[in-house]
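What follows is a predicted structure for the sequence shown.
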Amino acid sequence: MEITMWDTIVSLFRGYMGTGLLMIWFLAALVYLFFREKDKNKRILFVYAPALTLLLFWNPLFAKFVYTYVGDEIYYRILWLLPVTIVTAYLAARLCGALAGGRRLLLAGACAALVMLSGSCIYKNPFFHRAENLYHMPQAVVEICDAIEVEGREVMAAFPGEMLQFVRQYSPVVCMPYGREALVPQWRLGNPLFDIMCTDPIDVEALAALAKQNLCHYVIILQGRPMTGSMEDYDYVLFGTYCGYDVYLDTTVYRGL
């Protein structure tokens, strides 16, 4: 079945909503402030601007224009313009301010509870990582990047998915043939090399061929990952092992590293 622009918009919005409860509070706040807020400047900030942003986002013609002339990786960022936190916090403060004594405290506590129940625990996010060093990133990333960096030039390395978002933060000279977009379903354009890195067991022959096509000097693989063969059979040598990850160097694109 063909995916329409409307289907894409709905999918992006669902992904942005998360559990959906915060968006419900936000939309309810917009309706309430539309009827009750009298200050013109506050109406522009808390009602008109968010409403206009939502109307633009849900307009298939506007979406098609953005997709055509800007690109499909940009459109979802329109939702970042929604002042969800500001609007809901303003409404909560306004309602609490209209009360006094115990009722004010009770409402403030209820609002805080609603916010907590509307989200999910950040520590359950697969991209969260407990700080291991001053850089607040996996120690394996620090040690591998320090080991493969070459002064005065860039190097290309194929990293496993759990390292992607950290490598680009830590080193400006360690490049990757795919980026953070590989981790997010709605961003993925399909990268054969990353797909091979995620397979179980890893098809070593296909991995080596694709890494060479992408001129990767290094391939990083978690120790113990099931593999269909040996990297050494395809012009690779074990460069070193760091924090449980094997770093393989492709001798065919070594080029003086």
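That came through, no problem.

rest of the way, CA atoms for contacts and neighbours
OK.

Give me the buried stretch members for stretch 200-213, please.
202-205, 207-208, 210-212 (16 or more other C-alpha atoms under 10 Å).

List the contacts of the closest residue to residue 37 other than its chain neighbours.
Spatial nearest neighbour of residue 37, excluding adjacent residues (C-alpha to C-alpha, 6 or more residues apart in numbering): residue 43 at 6.4 Å. Taking C-alpha atoms under 8 Å, 6 or more residues apart in numbering as the contact definition, residue 43 lies against 33-34, 37.

just for the stretch 151-257 of the chain, where's the confidence low?
The model of the stretch 151-257 of the chain has pLDDT under 70 over residues 183-190, 254-257.

contact partners of stretch 28-36?
Residues contacting stretch 28-36 (C-alpha under 8 Å, 6+ apart): 43, 46-47, 51, 87-88, 91.

Could you check that stretch and say which residues are buried?
29-30, 33.

Which ones among those map onto helices?
Among the buried residues of stretch 28-36, DSSP state H puts 29-30, 33 in helices.

circling back to that earlier point, turn the contacts of residue 43 into CSV, columns for distance to residue 169 and pLDDT.
Below are those laid out as CSV (distance: C-alpha to C-alpha, whole Å; pLDDT from 0 to 100):
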residue, distance to residue 169, pLDDT
33, 41, 95
34, 42, 94
37, 43, 93
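
now, which of those residues sits nearest residue 241?
Proximity of those to residue 241 (C-alpha to C-alpha) peaks at residue 33, which lies at 58.8 Å.

Next, work out how far apart that closest one and residue 26 are.
Residue 33 sits 11 Å away from residue 26, going by C-alpha to C-alpha, to the nearest Å.

Also residue 81?
Residue 81 is 13 Å from residue 26, by C-alpha to C-alpha.

neighbour count winner among the two?
residue 26 (21 against 11; other C-alpha atoms under 10 Å).

That one: helix or strand, and which one exactly?
Secondary structure from DSSP states H and E places residue 26 in helix 21-36.

can you give me phi and psi for residue 244?
Here is the backbone geometry of residue 244 (degrees, to the nearest 10): phi 90, psi 10.

what sits against it?
140, 222-223.

Save those as TSV, and put in distance to residue 67 too.
Output for the contacts of residue 244, formatted as TSV (distance: C-alpha to C-alpha, whole Å):
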residue	distance to residue 67
140	38
222	38
223	41
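
The residue of the chain most remote from its centre and residue 205, how far apart?
Each residue of the chain has a distance to the centre, and by C-alpha atoms, centre = their mean the biggest one is for residue 101: 42.9 Å. Using C-alpha to C-alpha, residue 101 is found at 71 Å from residue 205.

Kindly report the same for residue 229.
8 Å.

cool, residue 243 as well?
Residue 243 is 25 Å from residue 205, by C-alpha to C-alpha.

swap in residue 39?
Here residue 39 is placed at a distance of 67 Å from residue 205 (C-alpha to C-alpha).

hang on, the earlier thing: could you report the pLDDT at the residue nearest to residue 37?
Residue 43 is assigned 95 on the pLDDT scale.
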